[in-house]
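Colleague: Here's a sequence, model it:
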Amino acid sequence: MIAGVLKEQPGENRVSLVPDIVKQLGKQGVTVWIEPDAGTRAYYPDESYVQAGAVIKPATEILQQADIILSIQIPDEQSWKSIPAGKVLTGIYQPFSNSAIMQQWADRQLTTFSLDSIPRTTRAQSMDVLSSQANIAGYKAVLLAAWSYSRYLPMFMTAAGSIAPAKVLILGAGVAGLQAIATARRLGAVVEVFDTRPAVKEEVMSLGARFIEVEGAADASAAGGYAVEQTEAYKQRQQERIAESIAKSDIVITTAQIPGKKAPILITEEMLDRMRPGAVIVDLAAATGGNTAFTENNRTVVHKGITIIGDSNLPSSMPSDASKLYAKNIFNFLQLLVKDGDLVLNFSDDIVQGGCITHSGVITNERLRQADSVKL
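Modeller: Residues are numbered from 1 along each chain as shown. Next comes the predicted model:
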């Protein structure tokens, strides 16, 4: 079996496999082809792949001959249109945001596995790319906010006077939010956290943050760690509590997303107007619309003195470690697809089935099949 790794498009610095994982796959009878300079932006030169047993091949050969093609983001249109029927693609393809492309891949008889769609179960934890990458995003979001903020984060007592610690509000206590809490606390900030799931209160408090409670939240226990739609009455109470905290916050990190839907607006224009000039918001939900009324993905917007940074791809700014973690996720997922060096698609496995988006000419993901934008 040949696994081919494509070089990502400009703006994406990560790579699907790192040399250590290439070596492990080689021991299992998998031949790895790497496009030239695929790992350069993540500080893995071609030589390191060759030493690990990979073969450097042009993209044209990888697209035509590899049994499974690995790319974190969707390849450019010219590339994927050259892939023969029956090939397998694996990456983080955000199928709900790219449903039209997924339909075209189905029409072309391509099999697609999008690892952001695998079930978030205990068994799948080692393959959970959302968690491994969100951990980095939460860490980097705080550092980015601290760099953009005009004041100190920790308390300082000097001969010239005292500096109060920055007040950080984190909306969402998933993997990214929890890492953001830990990082902000290490930097000496005072941290408050809001989440619709009361079950995360203990984790939040164990990290030294204050948990903001709003009663009446919908049960999110079956949502795989994601936010769920809430009632209008709850949303009203939620906005009131968030507004109180926003008004006194110096830095806000937002992380709330709902699979297959636009990110909820948690910070309205009225709330922004109550923030003090110089405050910073880092919106990690920017790719799906953002959690503020003015978020723009991959852009920094200044609204009445408030800096709003929209960035859903912060892991790409730490490409070396992000690639290392992602490659391990890929390796663990491939253990379900590779048997004695051959590609075997076992759709009776719930993780394989859950991660599959297209196969045998159809959209296989039921939720995506029901999306209006998908042609059935």
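
Colleague: which residues touch Ile181?
Modeller: 170, 173, 191, 193, 204, 207-209 (C-beta atoms under 8 Å, 6 or more residues apart in numbering). Heads up, the C-betas are built off the backbone N, CA and C, glycines and all.

Colleague: switch to 6 Å and redo it
Modeller: 170, 191, 207, 209 (C-beta atoms under 6 Å, 6 or more residues apart in numbering).

Colleague: what's the distance between the second one and Val175?
Modeller: Read it as Val191. 16 Å (C-beta to C-beta, to the nearest Å).

Colleague: between the two, who's got more neighbours?
Modeller: Val191 (26 against 20; other C-beta atoms under 10 Å).

Colleague: if I've got this straight, the more buried one is in a helix?
Modeller: No. Going by DSSP: H, G, I helix; E, B strand; the rest coil, the assignment for Val191 is strand, not a helix.

Colleague: nearest residue to it other than its sequence neighbours?
Modeller: Ala209 (3.9 Å; C-beta to C-beta, 6 or more residues apart in numbering).

Colleague: Could I get the contacting residues of that neighbour?
Modeller: Contacts of Ala209 by C-beta under 6 Å, 6+ apart are 181, 191, 193.

Colleague: and if you look at Glu12?
Modeller: 73, 316.

Colleague: Residue ranges in the stretch 51-200 of the chain under the pLDDT threshold?
Modeller: The model of the stretch 51-200 of the chain has no residue with pLDDT under 70.

Colleague: now for the contacts of Ile181, which pair is the farthest apart?
Modeller: Farthest-apart pair in those is Ile170 and Leu207; separation 10.1 Å (C-beta to C-beta).

Colleague: who has more neighbours, those two?
Modeller: Remark: of Ile170 and Leu207, Ile170 carries more neighbours, 30 against 19, as counted by other C-beta under 10 Å.

Colleague: Now do the host helix or strand of that one: which elements does it pack against?
Modeller: Assigned by DSSP states H and E, Ile170 falls within strand 167-171. If you count contacts as 3 or more C-beta pairs under 6 Å, 6 or more residues apart in numbering; DSSP states H and E, strand 167-171 packs onto helix 175-186, strand 190-194, strand 251-254.

Colleague: now the most far-flung residue of the chain relative to its centre: how far from Ile74?
Modeller: Largest separation from the mean C-alpha position in the chain: Ala159, at 44.1 Å (C-alpha atoms, centre = their mean). As judged by C-beta to C-beta, Ala159 and Ile74 stand 56 Å apart.

Colleague: Val301 too?
Modeller: 26 Å.

Colleague: The strand holding Ile170 versus strand 190-194: what angle between them?
Modeller: Put simply, strand 167-171 runs at 20 degrees to strand 190-194, going by axes from the mean of the first three to the mean of the last three C-alpha atoms, to 10 degrees.

Colleague: isn't Met127 right next to Asn332, touching?
Modeller: Yes. Look at Met127 against Asn332 with C-beta atoms under 6 Å: they come within range, at 4.7 Å.

Colleague: quick one, which of those two is more surrounded?
Modeller: Neighbours per residue, other C-beta under 10 Å: of Met127 and Asn332, the larger number sits with Met127, 24 against 16.

Colleague: pLDDT score for Gly225?
Modeller: pLDDT recorded at Gly225 is 49.

Colleague: do the same with Ala256
Modeller: Predicted confidence (pLDDT) for Ala256: 88.

Colleague: shouldn't it be in contact with Thr292?
Modeller: No. If you go by C-beta under 6 Å, Ala256 and Thr292 don't touch, sitting 10.8 Å apart.

Colleague: how far does stretch 272-286 stretch from start to finish?
Modeller: Using C-alpha to C-alpha, to the nearest Å, one end of stretch 272-286 lies 17 Å from the other.

Colleague: any residues touching that stretch, and which ones?
Modeller: Counting by C-beta under 6 Å, 6+ apart, 137, 141, 144-145, 148-150, 176, 247, 250-257, 263, 290-292, 295, 297, 303, 305-310, 312 sit against stretch 272-286.

Colleague: Write the ChimeraX selection for whichever of those are buried.
Modeller: ChimeraX command restricting those to the buried ones, with burial defined by 16 or more other C-beta atoms under 10 Å:
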select :137,141,144,145,148,149,176,250,251,252,253,254,255,256,257,263,290,291,292,295,303,306,307,308,309,310,312
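
Colleague: So which of the contacts of stretch 272-286 sit within helices?
Modeller: Using DSSP state H, the subset of the contacts of stretch 272-286 located in helices is 137, 141, 144-145, 148, 176.

Colleague: circling back: which residues are contacting the strand holding Ile170?
Modeller: 177, 180-181, 184, 189-194, 245, 248-254, 256, 266.

Colleague: hmm, 8 Å instead?
Modeller: Contacts of strand 167-171 (C-beta under 8 Å, 6+ apart): 142, 145, 153, 177, 180-181, 184, 189-195, 209, 242, 245-246, 248-256, 266-267, 291.

Colleague: Does the nearest residue to Asn365 once chain neighbours are set aside belong to a helix, a strand or coil?
Modeller: Nearest residue to Asn365, sequence neighbours excluded (C-beta to C-beta, 6+ apart): Ile357, at 5.1 Å. For Ile357, the assignment made with three-state DSSP gives strand.

Colleague: tell me the domain boundaries of the chain?
Modeller: Domain assignment for the chain, taken from automatic domain parsing, gives 2-109+318-369, 136-317.

Colleague: still on that earlier bit, ok, the residue farthest from the centre of the chain to Asp67 distance?
Modeller: From Ala159 to Asp67 the distance is 68 Å (C-beta to C-beta).
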